[in-house]
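**Q** 3D, please:
(chains A and B)
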Amino acid sequence: MRRRGRVLLIFIALLGLVATPSYGSYKRNENVTLTVFAAASLGQTFTTIGKQFEAKHPGVKVQFSFLASSTLATQLLAGAPADVFASASIYDMAMAKSLVPVSKVFTANRVIVATPLGNRFNINKVVDLNKRGLKWIQCAHNVPCGAAADAALAYEGRITSKPVSLEPKVSSVVAKVVEGEVDAAIIYHSDYIANRSVLKEIRFKGIAAATTEYPIGVVKTSPRQQLAQSFVESVLSAYGRKILAEAGFIRVN
Amino acid sequence: MTRKKLDPLTLGLALVGGLVLILPLLALFTKVPWGSLFSKLGEPNSLSAIRLSIWSSLLATLLCVVFGVPLAWVLAKGNRRFVNVLRPFVLAPIVLPPTVAGMSLLALLGRNGLLGRYIYQATGWSMPFTASAVVFTGVFVGMPFLALVVESTFRHLPTDQQDAAEIDRATPFTMFRLIALPQARNGIATGALLAWARALGEFGATMMFAGSLPGLTQTWPMQVYFETDQDMSTAYALSAVMAIVAVAVVFALRKQLRRAFTS
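**A** Sure thing, here's the model as predicted:
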């Protein structure tokens, strides 16, 4: 009898786990969690903007998911509960158009070649990527930073070497070049700015080819439309733009 | 054999438990594009990922056997106090989160790693982003399974032949090679199959340590991950075959597994 009681207890505990709501309750307006899906490259800036947003909206917690925009778009379409989507490419925003019908470009970014300071291959030009034995990486082709890298490399021409890895998101690429695990990587200018003390930047010739635009919008199915909209506005605000510009993002009108 | 009656509470809990394990797999098979299965698997990226995974996991299994069987022998026959300290470390990768496994491998063999630093300085070569890294990861995650099963096999071998050999003054190496190894062949096969399945399925640690490049380091499970952003039906096709392989392995080993974990 005692054993049966114990089994029952465990069962009840498990039921409790299953029944716990995972994305915050939204019955009352305080203690709300706003879920923002944002491109991996927005990690630092959006965290800063999110802190300020929380300070302005007491009781609101901003929860971020920073992944490749293509991954986030897929998750959204598969029913992931997000309130705001900020993509690093208009194409991934277009992919999620059924869920984010209205979006606005709020900034842009440019891919560049980054190399660890003091790297033995002494990379000074993009074409140095061809050097024998040099290992360089970029994002996967369907991820915004990968698509921009492909376009920039195609415009540049003469690059005959291949990356040794196509990473799932730009933050993985940045981590590996900052660690010196590779000799070079194609990352965003904003990633370079954040790691200026350990990296050197080499720019591509084709500025337009290397540039990607970042749209942001409210997810149609969000039960927190107003709050989501005010988060979007805080990104578009003078403060949001200042944070982004300081981090090396390109201003757009 | 008499069957004992099962009480309804236990049965109910067992039913929930069973469904939790079985339903997801069944659901997976309902999503597979059976009609175009082979064309999905035949896409260049799928094919190169499958090929890479098969050869790298087989090579990893071979290495697991070469080093893991002697390791299991030491665990079974070595100094008990030493072995009791060693065993948890040998088995740890079984429960290590894949990302932590990946970090550990980078910490050891990355360009700035504990050993990798010296290898890189001396030769200009480093393991991350190479097919060797895929194989090494497979060995790291697979060998514990082999060691676990084979040690248990060694422990439960009949002792009469070993005793006889000892009386005949067989050297320890002869004993291991000519008596223990042939007697343990079923256990070794079981361990090798488990290690292979584990190496074949590894994803997180491989992606962290080996990167992902189609044809070089992009393995079958990684291809599943990347296809979810691009073509779900290809991702399901690739998943289905992996699931079939996994079920087949466990099915083939059903008797051995029951024995390995009951004795």
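**Q** name the nearest residue to residue 74, ignoring sequence neighbours.
**A** Unless you meant another one, I'm taking chain A. In space, and not counting its chain neighbours, A:Thr74 is closest to B:Asp229: 5.0 Å by CB to CB, 6 or more residues apart in numbering or on different chains. From N, CA and C alone the C-beta is placed, and that goes for glycine too.
**Q** I was thinking of chain B, sorry if that wasn't clear
**A** Distances taken as CB to CB, 6+ apart place B:Val83 nearest to B:Val74, at 7.1 Å, with adjacent residues excluded.
**Q** just checking, next helix/strand downstream of whichever strand or helix holds A:Ala208?
**A** Taking DSSP states H and E as the criterion, A:Ala208 maps to helix A:207-210. Remark: after helix A:207-210, the chain's next helix or strand is strand A:211-218, criterion DSSP H and E.
**Q** what's the following helix or strand after that next one?
**A** Following strand A:211-218 in sequence order, the next helix or strand is helix A:225-236 (DSSP H and E).
**Q** returning to that earlier point: what's the helix holding A:Ala208 in contact with?
**A** A:110-112, A:148-149, A:151-152, A:154-155, A:203-204 (CB atoms under 8 Å, 6 or more residues apart in numbering or on different chains).
**Q** what is the nearest of those to A:Ile243?
**A** Using CB to CB, the shortest approach to A:Ile243 within those belongs to A:Arg110, at 17.8 Å.
**Q** quick one, what contacts that closest one?
**A** If you count contacts by CB under 8 Å, 6+ apart, A:Arg110 has them with A:148, A:188-189, A:203-204, A:207, A:210-212, A:250.
**Q** now A:Asn122: how far from B:Asn112?
**A** To B:Asn112, A:Asn122 is 19 Å away according to CB to CB, to the nearest Å.
**Q** no no, A:Phe85
**A** Distance, A:Phe85 to B:Asn112, by CB to CB: 36 Å.
**Q** those two: which is more packed in?
**A** The residue with more neighbours, out of A:Phe85 and B:Asn112, is A:Phe85; 31 against 13, by other CB atoms under 10 Å in any protein chain shown.
**Q** and the more buried one, that's in a helix?
**A** No. Applying DSSP: H, G, I helix; E, B strand; the rest coil, one finds A:Phe85 to be strand, outside a helix.
**Q** these two touch, right, it and A:Leu76?
**A** Yes. A:Phe85 sits in contact with A:Leu76 when judged by CB atoms under 8 Å, with a separation of 6.1 Å.
**Q** what is in contact with those two at once?
**A** Counting by CB under 8 Å, 6+ apart, the residues touching both A:Phe85 and A:Leu76 are A:37, A:96, A:99-100, A:219.
**Q** specify which member of those is nearest to chain B.
**A** Using CB to the nearest CB, A:Ala96 comes nearest to chain B of the shared contacts of A:Phe85 and A:Leu76, at 12.1 Å.
**Q** next, the closest one: phi, psi?
**A** With angles defined as degrees, to the nearest 10, A:Ala96 sits at phi -100, psi 20.
**Q** moving C-terminal of whichever strand or helix holds B:Val16, what's the next helix or strand?
**A** Assessed by DSSP H and E, B:Val16 sits inside helix B:8-31. Next helix or strand after helix B:8-31 toward the C-terminus (DSSP H and E): helix B:37-41.
**Q** next, the buried residues of that following helix.
**A** Residues of helix B:37-41 classed as buried: B:37, B:40-41 (neighbour count, 16 or more other CB atoms under 10 Å in any protein chain shown).
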